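> got a predicted structure here, sequence first:
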Amino acid sequence: MPIIRCIICNRTYPPAGLPYCCPDCGGIFDYDGPPQIRPAELENDLPGIWRYRHSFDLFPDAPLITLGEGNTPLVWEELDGYPIGLKIEGQNPSGSYKDRGSAVLVSQLLGRGAQFAVEDSSGNAGASFAAYAARARLPARVFVPESASGPKRAQIERYGAELVQVPGPRSAAATAVLKEVEHGAVYASHAYLPFFVTGVATLAYEIWENLGRVPGTVIAPVGHGGLLLGIVRGFTALLQAGLIDHPPYYVGVQAQACAPVVAAFQSGLSAMESITEGSTFAEGVRVRRPIHIEALLREIPPYAGQFLSIPEEDILPAFYDLAHRGFYVEPTSALGWCALKYLFRKTPDPVIVVLSGSGLKYNSQ
């Protein structure tokens, strides 16, 4: 199995505790390779993503915390007579793809003895974490920006987690949660803790199974980058297992109002410094300093994919267009559909767009 190491000093993840960053140098912990998929070890009697349990690198005492996440439908829609596959992640238990990562993350937390945990989120990750914390009977506190969608805030509270609304932009919630962490709270970060991405990788396995082959292109929204990174690592795992012979082409989509990964992909990491955290309907990708940006740039070189920013005026029309086709998603999820306006028939077939979250979680006017 791959090993969790600090990306700066190479320190391995400690055998006890749940540090969110390296205690020696402050670097990010990450796996030093993709998950390992072994077809003979699939557990098809387990629900959803858990048939891939062997790939999650669970700690020895970790329980299986599930709400039935995974096995979401892949539905085909036509755009100008051309088929586009839509992976409907809003049908996960809390209404977003985040449930794939949260199920594994909370299982790992319990395996390491966590008795209370905190998280920060623009909404979906917090709602998902609250759901799985409730399932695990794990007391939780979630920090969100005051601008977070009302249904997401209500969802967090109704699962029983303590909701802390932080004035200011998304980054203010991230700053506030670290004060709790400084006082000893376990930081159940979907962005920092590497366990989350191994759960998200199941999206790649399912897309491959749904199609019966490798897709030509996979399009997904990018905030911190865990969704697209999980997909990339999932297909890399399939490649290394000899189950596929090439990866798909990857397209990461951001809102033009806050597009640090696009800037870094085009002009280098230093270009991210000039990016502002502008207001956008796509609140789920309003992240000025993405945790996974270096991994994304390393694992998606220019020949393997691209990153695209969407003007704000394009987002709601795509949101309504999808709804009129029967797909009610939140605006963040509509970014992938927006991308087709710029990429239509320009990337390999078949094209799969990940619809990351349900529109029932969005306050539309």
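Nice, I can see it. Residues are numbered from 1 along each chain as shown.

> CA atoms for contacts and neighbours, from now on please.
Will do.

> could you pull up the mean pLDDT of stretch 191-211?
For stretch 191-211, mean pLDDT rounds to 97.

> for it, measure first residue to last.
29 Å (CA to CA, to the nearest Å).

> relative to the whole chain's centre, how far out is that stretch?
Distance, stretch centre to chain centre, for stretch 191-211: 9 Å (CA atoms, centre = their mean, to the nearest Å).

> ditto for stretch 331-341
That offset, for stretch 331-341, works out to 16 Å (CA atoms, centre = their mean).

> where do the helices of the chain begin and end?
98-111, 124-136, 150-158, 170-182, 195-200, 202-211, 226-240, 260-267, 293-299, 312-324, 331-343 (DSSP state H).

> wait, which of these is closest to residue 61?
For residue 61, the closest of the helices of the chain is helix 98-111, at 4.7 Å, according to CA to CA.

> for the closest one, name the packing helices and strands.
helix 124-136, helix 195-200 (3 or more CA pairs under 8 Å, 6 or more residues apart in numbering; DSSP states H and E).

> quick check: closest non-adjacent residue to the residue positioned nearest the centre of the chain.
Nearest to the geometric centre of the chain sits residue 227, at 3.1 Å (CA atoms, centre = their mean). Spatial nearest neighbour of residue 227, excluding adjacent residues (CA to CA, 6 or more residues apart in numbering): residue 200 at 6.3 Å.

> next up, the contacts around that neighbour.
Residue 200 makes contacts with 97, 98, 100, 101, 226, 227, 230, 231, as judged by CA atoms under 8 Å, 6 or more residues apart in numbering.

> show me which of those residues is closest to residue 32.
Using CA to CA, the contacts of residue 200 come closest to residue 32 at residue 230, 13.7 Å.

> surely the closest one touches residue 194?
No: counting by CA atoms under 8 Å, residue 230 does not reach residue 194; the two are 10.1 Å apart.

> residue ranges with poor pLDDT in this protein?
364-365 (pLDDT under 70).

> where's the residue nearest to the centre of the chain relative to residue 252, distance?
Applying CA to CA to residue 227 and residue 252 gives a distance of 9 Å.

> tell me which of residue 230 and residue 194 has more neighbours.
Using other CA atoms under 10 Å as the criterion, residue 230 and residue 194 rank with residue 230 on top: 24 against 20.

> contacts only, for the more buried one.
Applying CA under 8 Å, 6+ apart, the residues near residue 230 are 197, 198, 199, 200, 201, 202, 203, 204.

> ok, the residue lying closest to residue 174 once chain neighbours are set aside - how many residues close by?
Distance criterion CA to CA, 6+ apart; nearest residue to residue 174, sequence neighbours excluded, is residue 120 at 5.8 Å. Residue 120 has 31 neighbours, counted by other CA under 10 Å.

> correct me, but residue 120 touches residue 126?
Yes: the pair residue 120 and residue 126 qualifies as a contact (CA under 8 Å) at a distance of 6.4 Å.

> what is in contact with those two at once?
Residues touching both residue 120 and residue 126 (CA under 8 Å, 6+ apart): 142, 143, 144.

> okay, and which of those map to strands?
Per DSSP state E, strands hold the following members of these: 142, 143, 144.

> most neighbours, which of these?
residue 144 (31 neighbours).

> list the residues that contact that residue.
Taking CA under 8 Å, 6+ apart as the test, what residue 144 contacts is 120, 121, 122, 123, 126, 153, 163, 164, 165, 166, 170, 173.

> go on, residue 275?
258, 259, 260, 263, 288.

> again, only this time at 6 Å
Counting by CA atoms under 6 Å, 6 or more residues apart in numbering, residue 275 touches residue 260.

> hmm, residue 217 is touching residue 249, no?
Yes: contact status for residue 217 versus residue 249: in contact at 4.5 Å, counting by CA atoms under 6 Å.

> neighbour count: these two, which is higher?
residue 249 (21 against 18).

> sorry, back to before: closest one to residue 74 among the helices of the chain?
Proximity to residue 74, assessed across those by CA to CA, is greatest for helix 202-211 (6.8 Å).
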